[in-house]
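here is a sequence together with a model predicted from it:
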Amino acid sequence: MTLSPGALLRARLQKGLLVLPGVFNAITALLAEQVGFEALYLSGAGVTNSLLGMPDIALITLTEMAQQARYVARAVKLPVIADADTGYGEVLNVARTVEEFEQAGLAGLHLEDQVAPKRCGHLDGKQVIPAEEMVKKIRAAVRARSDPSFFLIARTDARSVNGLEDAIARAKRYLDAGADAIFPESLQSRAEFETFAKAISAPLLANMTEFGKTPYLRAQEFAEMGYIMVIFPMTAFRVMMHAAREALRTLKETGTQQSLLDRMQTRKELYELLRYADYERLDREIAEGDS
Ligand SMILES: C[C@](O)(C(=O)O)[C@H](CC(=O)O)C(=O)O
Ligand SMILES: [Mg+2]
């Protein structure tokens, strides 16, 4: 019997800390799978920035995000958790988002309690919706999933708006509403992560993004505090962008890419990643009339 993506994720969570690197398209997902990660995080910021060339302020639509989720989930065997922002609307939109994301082959998603239009969780000027509104969204999400294993994570952005106490109080209400896990966004110190974990006995997700409000902690440190999932949502994205800029500058300045060759993924490596040989074999076998 094959497990559903949600069931696969839940089975993996039983074994302890899960580190989820952020991916933003199928090929970064393939890379993360190749290096041995066991689950992936489809970043809203990463998809918005890379697909649209736009900032992460609620400009991506449900359709665009679900399509990208479908490409990613199809490319890899790993469970994928996606960023569903605010659910792209109100209660009924949340229900549809859950249906679409589940059908896309994801293992789960997270919904956040920001007002629309949402902001990156690590920027100032965020606002949150009343907790009771978010509770309704979570209830809608729970009812909308067809696989009870589909993993629903409630993210609260309340820390930077109303303080840690409100974030904790909201987390409790979101769990009562049926959330499977909590993602406390932009906590500002190790002590805050500890306090939060002591107050909330449920699966917890920590966000280890860069240049934000959270200090740099290792995945293992989060695990010791009681966090079961750690996402590194934009790490590969930022490194790739930096590398691409350097390469483009060098090309512009010198008119040749030769000094860059030893920093490139080779054609062979790319084809291996894409399982090019499998496609050729299939084509050949069909042409030869084998079944
Ligand atoms: C996790 C996040 O929601 C994302 O979209 O990847 C972002 C990451 C980032 O902007 O660094 C967030 O923390 O809001
Ligand atoms: Mg996001």
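Thanks, I have it. Here the structure is a predicted model, which means the values were calculated and not measured. Ligands and ions are numbered 1, 2, ... in the order given.

burial count for residue 15?
Using other C-beta atoms under 10 Å, residue 15 has 9 neighbouring residues. Yep, even glycine has a C-beta here, placed from its N, CA and C like the rest.

quick check: the gap between it and ligand 2.
26 Å (C-beta to the ion, to the nearest Å).

and that residue, helix, strand or coil?
Under DSSP: H, G, I helix; E, B strand; the rest coil, the three-state class of residue 15 is coil.

repeat for residue 152
strand.

can you name the residues bridging to it?
Counting by DSSP bridges, residue 152 is bridged to residue 109.

what comes into contact with the host helix or strand of residue 192?
Following DSSP states H and E, one finds residue 192 within helix 190-199. Helix 190-199 has contacts (C-beta atoms under 8 Å, 6 or more residues apart in numbering) with 159, 164, 167-168, 171, 184, 187, 204, 206, 215, 217, 221-222, 225-227.

partners of whatever helix or strand comes next after it, with directions?
Per DSSP H and E, helix 190-199 leads on to strand 205-207 as the next helix or strand towards the C-terminus. Strand 205-207 has its sheet partners listed here by DSSP bridges as strand 229-232 (parallel).

before we move on, the earlier item: so which of the contacts of helix 190-199 are in helices?
Using DSSP state H, the members of these that fall within helices are 159, 164, 167, 168, 171, 221, 222, 225.

so which of those residues are also by ligand 2?
Checking the ones in helices among the contacts of helix 190-199 against ligand 2 by C-beta under 5 Å from the ion, not one of them is in range.

if any of the residues you listed are buried, put those into a PyMOL selection.
Buried residues within these, by 16 or more other C-beta atoms under 10 Å, are selected in PyMOL with:
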select buried, resi 159+164+167+168+171+222+225
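
in JSON lines: the ones in helices among the contacts of helix 190-199, plus pLDDT.
Shown next, in JSON lines, are the ones in helices among the contacts of helix 190-199 (pLDDT from 0 to 100):
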{"residue": "159", "pLDDT": "97"}
{"residue": "164", "pLDDT": "98"}
{"residue": "167", "pLDDT": "98"}
{"residue": "168", "pLDDT": "98"}
{"residue": "171", "pLDDT": "98"}
{"residue": "221", "pLDDT": "98"}
{"residue": "222", "pLDDT": "98"}
{"residue": "225", "pLDDT": "98"}
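
just give the closest residue to residue 75, not the sequence neighbours.
Spatial nearest neighbour of residue 75, chain neighbours left out: residue 26 (3.9 Å); criterion: C-beta to C-beta, 6 or more residues apart in numbering.

how far away is the one you found from residue 19?
Here residue 26 is placed at a distance of 20 Å from residue 19 (C-beta to C-beta, to the nearest Å).

now residue 187
Separation of residue 187 from residue 19 (C-beta to C-beta) stands at 18 Å.

tell me which of those two has more neighbours.
The residue with more neighbours, out of residue 187 and residue 19, is residue 187; 21 against 18, by other C-beta under 10 Å.
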